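*Asks:* requesting a structural model of the entry that follows:
(chains A and B)
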Amino acid sequence: MTHRSRQLRVSSLARVEGEGALHVVVADGHVESADLQIYEPPRFFEAFLRGRAFPEAVDITSRICGICPVAYQTSAWNAMEDAFGVDVGAPIGALRRLLYCGEWISSHALHVYLLHAPDFLGYPDAVALATDHRAIVERGLALKKAGNAILELVGGRAIHPVNPRVGGFHRAPTARELAPLAEQLRRALDGALATVRWVAGFDCPDLELDYDLLAARAPDRYAIENGRVVTESGLDFPPSEFADHVVEHQVPHSTALHATLDGRRYLTGPLARYTLNSAQLSPLAREAAADAGLGPTCRNPYRSVVVRAVEIVYAIDEALRIIGSYERPDPPAVDVVARSAVGHGVSEAPRGLLYHRYELDAAGLIREATIVPPTSQNQAAIEHDLTRVVSANLDLDDAALTSLCEWTIRNYDPCISCSTHFLELSVERR
Amino acid sequence: MKAAVIGVGNEFRRDDGVGPAVIARLAQLDLPDVALTVSDGEPSQLIDVWTDTDLTVVVDAVLSGHAQPGRVHRTCLGALSDGVRAASTHAVGIPEAVRLADALGRAPRRLVVYAVEAADLGFGVGLSPPVAASVEHVVRAVAMELTSSGSYAAGCAQ
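*Replies:* You can find the predicted model right below:
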């Protein structure tokens, strides 16, 4: 029996925080375990939130992530408004959806072009990709900029927006202010459609997931900013029952919690959204998906790059629709009166469903906070994918195997403090 | 001359806020035609800010193997050491953003980086005393970069 242990260090171009490590144990030609070890800041945030006034949750949780702050803000105000029985009405709801579209466009464009595409095309990073394909990377940056433009105009700034609040917005933009944004988005739509055609041509490894899928669902639209929670196995429940089905538990190898759905491994994110809700995409997005060869469902995690591209098309299309029928909310926010209650909120962060729960006292102070981010929910699925991928590719040397593992992890655009940037892989072969 | 100064960092992570602190001080000076920007270091934003500038100055916190908190390194485009790793929330760092900009033909004509060695990158606001003491020095040096295209520029041969 041979024994060897090696450390490999790799990095990729990504604006990410934190570190991740992957420990793979191979014994007698079989993968015994593939443990993804990552740190998870939201636990600290749950403690920060205790004793704070309810309006602060939006600004505090926004700080959890620089890539998806709107997701944290949205799930936070959904939970607060659920607790206090607030209905913000259609105009504020539409403006929130527009803001969230900006985050989807920006986050997905970053991931597709700067993080994921180099894996498919055999480049070590986005810089090498840009050297050979300057116009393509510029197209990705222009898409990201269009998303940021929405965040800046509606949110007040691109990162950690300051304009939204529980109940609505501090100030709502005028239709006139939104007009130049629409012009920029119309140009971006061409870039988004070209993106779908581009990624549709990527060669993908074969891998079919057999996990249950979980996503938000809204009755009349592709769910983004709120909804009920549905699964492919037929569950359909309100956010208030999330904890009845999704249970987080500790694992020895990671400070991040793992989650199960009624005791089973499951997946949230683009594949789940698309598979469960693709019929609700706009005609333009559905057509782009069909042209890219996507059926009504998608279970190959490597094809998530195509789903993200389709979702960029949808988010731009949807943003244009919202701007086209914009009704300026007046007042920009509804009154919110605190009461002793528990509130639950979900929304679809770019990388999957994000759940918040707050327990509030009569003065509106937070007694307890629970945040379940998508990457925590997906961690078990990522590890399972890695086990299968490593098992099927044991003949590769450590460098090639590491690249394949990183690629596989990036299928999920993981964002536990946006970690896994400096991934250390140790392969123990016994 | 079109110029920009970018303060990279997070003011809620102690010394990582040195870049934003320098920008706040520069904003109090009368610096015509200079774009002052605070950034978390996201590469596409950096590139957008410095595209078509004649001079861009970036101020950032760093960790190095031989830390002497408050010590200031001045570096020019192309001379960034791999041994000095950006300490900000963005593990990516300026060098990668520069490389990406180069590949896209969007690097500034001249880029100068002021890197301040950090002592404390924990949660919370406020700079450590040695880093706080370096802010005025960096502000004066950056102002000189912007107003003298002569002597300082000579130190950045392209």
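*Asks:* so where's chain B shaky on pLDDT?
*Replies:* B:65-66, B:77-93, B:149-158 (pLDDT under 70).
*Asks:* now the strands for the stretch 201-350 of chain A?
*Replies:* Along the stretch 201-350 of chain A, counting by DSSP state E, counting those that start in this stretch, strands occupy A:212-217, A:228-231, A:236-237, A:246-251, A:254-261, A:266-268, A:341-349.
*Asks:* what residues are up against the nearest residue to A:Asn378 once chain neighbours are set aside?
*Replies:* In space, and not counting its chain neighbours, A:Asn378 is closest to A:Tyr412: 5.2 Å by C-beta to C-beta, 6 or more residues apart in numbering or on different chains. Where C-beta positions appear, they are placed from N, C-alpha and C, glycine not excepted. Each residue near A:Tyr412 by C-beta atoms under 8 Å, 6 or more residues apart in numbering or on different chains is listed here: A:269, A:301, A:304, A:351, A:375, A:378, A:381-382.
*Asks:* just A:Arg50 next, same as before
*Replies:* A:Arg50 touches A:366-369, counting by C-beta under 8 Å, 6+ apart.
*Asks:* closest to chain B among these?
*Replies:* Chain B lies nearest to A:Ala369 out of the contacts of A:Arg50, by C-beta to the nearest C-beta, at 17.1 Å.
*Asks:* could you look up the SS state of the residue nearest to A:Asn378?
*Replies:* coil (DSSP: H, G, I helix; E, B strand; the rest coil).
*Asks:* quick one: it from chain B, how far?
*Replies:* From A:Tyr412 across to chain B, the span is 19 Å (C-beta to the nearest C-beta, to the nearest Å).
*Asks:* mind listing the strands for chain B?
*Replies:* Under the criterion DSSP state E, strands of chain B are mapped to B:3-8, B:34-39, B:55-63, B:72-76, B:85-86, B:110-117.
*Asks:* nearest to A:Asn163, of the ones you listed?
*Replies:* strand B:34-39 (17.5 Å; C-beta to C-beta).
*Asks:* contacts only, for the nearest residue to A:Phe54 once chain neighbours are set aside.
*Replies:* Nearest non-adjacent residue to A:Phe54, counting by C-beta to C-beta, 6+ apart: A:Gly364, 4.4 Å away. Contacts for A:Gly364 (C-beta under 8 Å, 6+ apart) come out as A:53-55, A:338-339.
*Asks:* buried ones in the longest helix seen in chain A?
*Replies:* When chain A is parsed with DSSP state H, its longest helix is helix A:175-200. Buried residues in helix A:175-200, counted by 16 or more other C-beta atoms under 10 Å in any protein chain shown: A:178, A:181, A:184-185, A:188-189, A:191-193, A:195-196, A:198-200.
*Asks:* distance from the chain centre to that helix, please.
*Replies:* Centroid displacement of helix A:175-200 relative to its chain, using C-alpha atoms, centre = their mean, to the nearest Å, is 21 Å.
*Asks:* from the contacts of A:Arg50, which two are the most distant?
*Replies:* The farthest-apart pair in those, when distances are taken by C-beta to C-beta, is A:Arg367 and A:Ala369, at 8.5 Å.
*Asks:* mutual contacts of these two, please.
*Replies:* A:50, A:359.
*Asks:* between the two, which has more neighbouring residues?
*Replies:* A count of neighbours by other C-beta atoms under 10 Å in any protein chain shown puts A:Ala369 above the other of A:Arg367 and A:Ala369, at 23 against 13.
*Asks:* what about that one, which SS state?
*Replies:* The three-state label given to A:Ala369 by three-state DSSP is strand.
*Asks:* residue ranges of the helices in the chain, please?
*Replies:* All of this is about chain A. Going by DSSP H, chain A shows helices at A:42-49, A:56-62, A:69-84, A:90-109, A:117-121, A:126-132, A:134-155, A:175-200, A:242-245, A:270-277, A:283-291, A:304-324, A:374-392, A:398-410.
*Asks:* can you look at chain B instead?
*Replies:* Remark: helices assigned in chain B by DSSP H are B:18-26, B:43-50, B:94-103, B:129-147, B:151-154.
*Asks:* spatially central residue for chain A, please.
*Replies:* Centroid check for chain A by C-alpha atoms, centre = their mean gives A:Arg351 as the closest residue, at 1.8 Å.
*Asks:* oh, I was asking about chain B
*Replies:* Nearest to the mean C-alpha position of chain B, by C-alpha atoms, centre = their mean, lies B:Val59 at 1.7 Å.
*Asks:* wait, doesn't that one sit right on B:Val18?
*Replies:* Yes: using C-beta atoms under 8 Å, B:Val59 is in contact with B:Val18, at 6.8 Å.
*Asks:* find residues that contact each of those two.
*Replies:* Shared contacts of B:Val59 and B:Val18 (C-beta under 8 Å, 6+ apart): B:7, B:116, B:138.
*Asks:* ok, and which of those residues reach chain A?
*Replies:* With C-beta under 8 Å from any C-beta of the partner chain as the criterion, the shared contacts of B:Val59 and B:Val18 include none near chain A.
*Asks:* could you check how far the residue in chain A that chain B sits nearest to is from A:Lys145?
*Replies:* Chain B sits closest to A:Ala130 of chain A, with a gap of 3.8 Å, by C-beta to the nearest C-beta. From A:Ala130 across to A:Lys145, the span is 15 Å (C-beta to C-beta, to the nearest Å).
*Asks:* more crowded one of the two?
*Replies:* A:Ala130 (28 against 19).
*Asks:* so how far is B:Asp102 from that one?
*Replies:* For A:Ala130 relative to B:Asp102 (C-beta to C-beta), the value is 9 Å.
*Asks:* any idea how many residues pack against the residue in chain B positioned nearest to chain A?
*Replies:* Of all residues in chain B, B:Ala103 sits closest to chain A, at 3.8 Å by C-beta to the nearest C-beta. Other residues near B:Ala103 come to 19 when the count uses other C-beta under 10 Å.
*Asks:* do the same with A:Ser325
*Replies:* By the measure other C-beta under 10 Å, the count of residues near A:Ser325 is 8.
*Asks:* residues in contact with it?
*Replies:* Listed by C-beta under 8 Å, 6+ apart, the contact set of A:Ser325 reads A:Ala94.
*Asks:* give me the nearest residue to residue 69, chain neighbours excluded.
*Replies:* All of this is about chain A. Closest residue to A:Pro69 apart from its sequence neighbours, by C-beta to C-beta, 6+ apart: A:Ser62 at 4.1 Å.
*Asks:* wait, I meant chain B there
*Replies:* B:Pro69 sits nearest to B:Ala119 (C-beta to C-beta, 6+ apart), 3.4 Å away.
*Asks:* look up phi and psi at that neighbour.
*Replies:* Backbone torsions for B:Ala119, taken as degrees, to the nearest 10, come to phi -110, psi -40.
*Asks:* for it, what are its contacts?
*Replies:* B:15, B:67, B:69-70, B:128, B:130-131.
*Asks:* can you say which of the residues you listed are buried?
*Replies:* When these are checked for burial by 16+ other C-beta under 10 Å, the buried set is B:15, B:69-70, B:128, B:130-131.
*Asks:* so which of those is the closest to B:Leu31?
*Replies:* B:Val131 (22.6 Å).
*Asks:* can you tell me, leaving aside adjacent residues, what's nearest to the closest one?
*Replies:* Nearest to B:Val131 is B:Asp15, by C-beta to C-beta, 6+ apart, at 4.6 Å.
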